[in-house]
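# got a structure for you, letters missing:
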């Protein structure tokens, strides 16, 4: 990932209706999101002004709106939508997004399923 510094938001839990199966979309479930942004924080450190960095509270709300919003089939698609949103911030050089689906419909004992993607500005 580009840039030298990181801002990380871990364990953002949001109810959503994503999945391939009808029951997942009907009943919904919690998804957990971890996001690490690569951001040059030197300007913010010097100014001590939130306007010079990524406001992680606002970022969390934007991510939550995506997870709670339009359903998709795949965690890959959901992670890509989140990455696109956070990369739209001018100060973000790259992002690592992990979407966890701890209640995935797997008929075995497991603790989590997740998809992690890395994206940088200019990736397509």
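That came in fine, so what should we check first? Note that the structure is predicted; figures quoted are calculated from it, not measured.
# how about the strands in the chain?
5-16, 29-39, 92-100, 114-120 (DSSP state E).
# How about stretch 20-34, which residues are buried there?
24, 28, 29, 31, 32, 33, 34 (16 or more other CB atoms under 10 Å). Any C-beta I mention is one placed from the backbone N, CA and C, and that applies to glycine too.
# next one: stretch 102-121
114, 115, 117, 119.
# In CSV, list those along with distance to residue 98 and pLDDT.
Formatted as CSV, the buried residues of stretch 102-121 follow (distance: CB to CB, whole Å; pLDDT from 0 to 100):
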residue, distance to residue 98, pLDDT
114, 5, 98
115, 7, 98
117, 8, 98
119, 12, 97
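# Where does the prediction get shaky in this structure?
1-3, 124 (pLDDT under 70).
# again, only using 80
Across the chain, the ranges flagged by pLDDT under 80 are 1-4, 123-124.
# wait, isn't residue 34 in contact with residue 13?
No. Using CB atoms under 8 Å, residue 34 is not in contact with residue 13; the gap is 10.8 Å.
# hmm, back to that, can you redo the strands of the chain as JSON lines with distance to residue 52?
What follows is the strands of the chain, written out as JSON lines (distance: least, CB to CB, whole Å):
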{"stretch": "strand 5-16", "distance to residue 52": "12"}
{"stretch": "strand 29-39", "distance to residue 52": "10"}
{"stretch": "strand 92-100", "distance to residue 52": "13"}
{"stretch": "strand 114-120", "distance to residue 52": "21"}
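# quick one: which of these is nearest residue 107?
strand 29-39 (15.4 Å; CB to CB).
# between the buried residues of stretch 20-34, which is nearest residue 57?
residue 33 (14.5 Å).
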